[in-house]
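Chemist: Please find the sequence and the predicted model below.
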Amino acid sequence: MKTQYQPKTGQKCGCKRGVQRDNCPACEGTGMRIDFAAIRARTQSPHAALIASMDSGEYDTEAMQIDDRNRNFSPDSAEDYRHENIVIASLQNGQFTQAKKQCASFGLEYAEMRQSAGLNPFPG
Ligand SMILES: [Zn+2]
């Protein structure tokens, strides 16, 4: 996968123009060395340690990691990833099928979650 953001080190690459440059992994054909360390630092999860310390039995740490890598996670929003809160959010958005699936995968009672979301626990 190619990253869209390619920080340059500001150093010219040692490769020769032409075929060698086109195939050069150090500059990816740009002629300027790409700062791969900066790319790695950027694609790492900034809150990795915090997320690793969270209980994956209670929180959807996988979703946290994905959002963190995409810079969409903040420690303030950690509670949003609590299994119960994920299901309640789905219910409040009217995503009942999704909420049922989430209950099944998180080991939660669907009726209880409906009640927590302020809905009739036994519809129909
Ligand atoms: Zn090069």
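Modeler: Ah, there it is. All values reported here derive from a predicted model rather than from experimental measurement. Numbers count the residues shown, from 1 in each chain.
Chemist: three-state assignment of residue 33?
Modeler: Secondary structure state of residue 33, per DSSP: H, G, I helix; E, B strand; the rest coil, is strand.
Chemist: number of nearby residues for it?
Modeler: Around residue 33 there are 18 other residues, counting by other CB atoms under 10 Å. No exception for glycine: its C-beta is placed from N, CA and C like everyone else's.
Chemist: Mind pulling up the pLDDT for it?
Modeler: With respect to pLDDT, residue 33 scores 90.
Chemist: wait, isn't it in contact with residue 25?
Modeler: No: with contact defined as CB atoms under 8 Å, residue 33 does not reach residue 25; the gap is 10.4 Å.
Chemist: and for these two, which residues touch both?
Modeler: Residues touching both residue 33 and residue 25 do not exist when contact is defined as CB atoms under 8 Å, 6 or more residues apart in numbering.
Chemist: Contact residues of this structure facing the ion?
Modeler: Counting by CB under 5 Å from the ion, the chain comes close to the ion at 13, 15, 24, 26-27.
Chemist: Kindly reformat these as TSV containing pLDDT.
Modeler: Formatted as TSV, these follow (pLDDT from 0 to 100):
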residue	pLDDT
13	93
15	95
24	95
26	92
27	91
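Chemist: Mark which of those are buried, thanks.
Modeler: Listed as buried from those are 13, 15, 24, 27; burial here means 16 or more other CB atoms under 10 Å.
Chemist: Any chance of a markdown table for the residues you listed, columns secondary structure and distance to residue 76?
Modeler: Output for those, formatted as a markdown table (DSSP: H, G, I helix; E, B strand; the rest coil; distance: CB to CB, whole Å):
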| residue | secondary structure | distance to residue 76 |
| --- | --- | --- |
| 13 | coil | 42 |
| 15 | coil | 46 |
| 24 | coil | 43 |
| 27 | coil | 40 |
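Chemist: Going by distance to residue 53, which of these wins?
Modeler: Using CB to CB, residue 27 comes nearest to residue 53 of those, at 39.0 Å.
Chemist: Was I right to think that closest one contacts residue 21?
Modeler: Yes: counting by CB under 8 Å, residue 21 is a contact partner of residue 27 at 7.0 Å.
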